[in-house]
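Enquirer: Here is a sequence together with a model predicted from it:
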Amino acid sequence: MASIISCPHCGARPREEFTIQGAVLPRPASDAGTKAWMDYVYLRDNPRGCHREYWHHTSGCRRWLVITRDTVSHEVETCHDAALAKETEARP
Ligand SMILES: [Zn+2]
């Protein structure tokens, strides 16, 4: 596991300050049906390689982050504020 994560608000901080919160998955529509919601809530892939995850800077700024991490080497490739990343992704 990467020992240092560069938080966009706090800078380089030790990994122990963060809590991993799970994969970044597209949320189903509210009327998507039981199977789509069961998959979204309970089923997870076990990917090898580059993977996007939500992390919480629990002992720092307490912001939610989107981290792109290699699940083999545990190297962090990118780290963005989740709220700001959502705004950026929504723009054309
Ligand atoms: Zn932070």
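Expert: Perfect, I can see it now. Numbers count the residues shown, from 1 in each chain.
Enquirer: who's in contact with Tyr40?
Expert: Going by CB atoms under 8 Å, 6 or more residues apart in numbering, Tyr40 touches 25, 27-28. Quick note: C-beta positions are derived from backbone N, CA and C, even for glycine.
Enquirer: Glu53 now?
Expert: Contacts of Glu53 (CB under 8 Å, 6+ apart): 20-24, 66-69.
Enquirer: do that again at 10 Å, thanks
Expert: Applying CB atoms under 10 Å, 6 or more residues apart in numbering, we find Glu53 in contact with 20-24, 65-69, 71, 76.
Enquirer: Farthest pair within the residues you listed?
Expert: Greatest spacing in the contacts of Glu53, by CB to CB: Leu65 and Thr71 (16.9 Å).
Enquirer: Give me the more crowded residue out of those two.
Expert: Leu65 (27 against 13; other CB atoms under 10 Å).
Enquirer: Surely that one is in a helix?
Expert: No: Leu65 sits outside any helix when classified using DSSP: H, G, I helix; E, B strand; the rest coil, being strand.
Enquirer: Can you say which of the contacts of Glu53 are buried?
Expert: 65-67, 69, 76 (16 or more other CB atoms under 10 Å).
Enquirer: pLDDT at the nearest residue to Glu17 once chain neighbours are set aside, what is it?
Expert: Nearest non-adjacent residue to Glu17, counting by CB to CB, 6 or more residues apart in numbering: Ser59, 3.9 Å away. Ser59 is assigned a predicted lDDT (pLDDT) of 97.
Enquirer: Brilliant, that's me finished.
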